[in-house]
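Asks: Quick one: sequence and predicted model below, then my questions.
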Amino acid sequence: MKKALSIALVAALASGGMAAQAYEQGDFVLRLGAVNVDPDSDSTDIKLPGVPNLNTEVADDTQFGIIPMYMVTQNVGIELLAATPFEHDISLNGKGVNLDAGSTKHLPPTLTVQWYPRGGKDGWQPFLGLGVNYTIFFDEKTDPALDDTLGAILGATKVDLDLDNSFGLSAQAGVDIPLAENWALSMAVWYINIDTNATVSTDVGDVHFKTQIDPFVYHLGVAYRF
């Protein structure tokens, strides 16, 4: 996704004479395209008998983003990041250990207040934003590899995974590059604070740990101004 953003930016620069597009108070802008969640994951130590301390690693995923924005003033907009559900594979890693642990789906709606320094002016529309995120985890599943490992170590016959929902802050930077009167190429990146308390429940005891997902989120798509 980061490479795609760079290619798109180079293409936009090379296109030269693009139509102007000024954002003004009362404009509604809908951004559509790919959204990639790329976790910078870590966790507190996970301690299992006879196993080195383990930490979690969360894989990335790309989904379709639907991102509406409303210009409250000529320079201030309010945006909501929404997308189809993301699904992430989770692994446990430690000294000599790389274990598939499970997966989870989530929705990360993020409400952002944005500043547009060129609001009301033609041309590119860069923006910066600060916001809040509420991540909803659901459909958590353990991997058979984890089930078998906990069965061998603890004698567990039943294993479940639960992740608490998360509330955190976010920061954003992006740009809309005009392609036509109301159309633009849209690129953005967020850093989102997502921490969750995780519980692996078994019929012989539970394992609790805290996971910091803290992803960079990348968007590449188009924007239409109404």
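Replies: Everything's here; your move. Residues are numbered from 1 along each chain as shown.
Asks: all contacts plus neighbour counts: C-alpha atoms, from now on.
Replies: Fine.
Asks: Give me the contact list for the host helix or strand of Val37.
Replies: Element membership of Val37, judged by DSSP states H and E, is strand 28-38. Contacts of strand 28-38 with the rest of the structure, by C-alpha atoms under 8 Å, 6 or more residues apart in numbering, involve 1, 59-71, 83, 86, 186, 215-226.
Asks: got the residue ranges for the helices in this structure?
Replies: Using DSSP state H, the helices of the chain run over residues 2-15, 144-154.
Asks: now for the shortest one, which elements pack on it?
Replies: What it means is helix 144-154. In terms of contacts (3 or more C-alpha pairs under 8 Å, 6 or more residues apart in numbering; DSSP states H and E), helix 144-154 is packed against strand 97-107.
Asks: Run through who's touching the strand it packs on.
Replies: Strand 97-107 is contacted by residues 54, 82-93, 135-146, 161 when judged by C-alpha under 8 Å, 6+ apart.
Asks: hmm, what's the outermost residue in this protein?
Replies: Relative to the centre of the chain, the most outlying C-alpha is that of Gly155, 36.2 Å out, by C-alpha atoms, centre = their mean.
Asks: Can you tell me how far that residue is from Thr202?
Replies: Separation of Gly155 from Thr202 (C-alpha to C-alpha, to the nearest Å): 9 Å.
Asks: The strand holding Val37: partners in the sheet, and parallel or antiparallel?
Replies: Strand 28-38 sits in its sheet next to strand 61-71 (antiparallel), strand 216-225 (antiparallel), going by DSSP bridges.
Asks: Just put those in JSON lines and tack on mean pLDDT.
Replies: Formatted as JSON lines, the strands paired with strand 28-38 follow (pLDDT from 0 to 100):
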{"stretch": "strand 61-71", "mean pLDDT": "97"}
{"stretch": "strand 216-225", "mean pLDDT": "97"}
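Asks: now, of those strands, which is deepest in the fold?
Replies: Comparing the strands paired with strand 28-38 by mean neighbour count (mean count of other C-alpha atoms under 10 Å), strand 216-225 comes out on top with a mean of 21.
Asks: how about low-confidence regions in this protein?
Replies: Within the chain, the stretches with pLDDT under 70 are 1-20, 49-50.
Asks: now the angle from the biggest strand by length in it to strand 97-107?
Replies: For the chain, the strand with the greatest residue count under DSSP state E is strand 125-142. Strand 125-142 runs at 120 degrees relative to strand 97-107, counting by axes from the mean of the first three to the mean of the last three C-alpha atoms, to 10 degrees.
Asks: in strand 125-142, what's buried?
Replies: Buried residues in strand 125-142, counted by 16 or more other C-alpha atoms under 10 Å: 125-138, 140-142.
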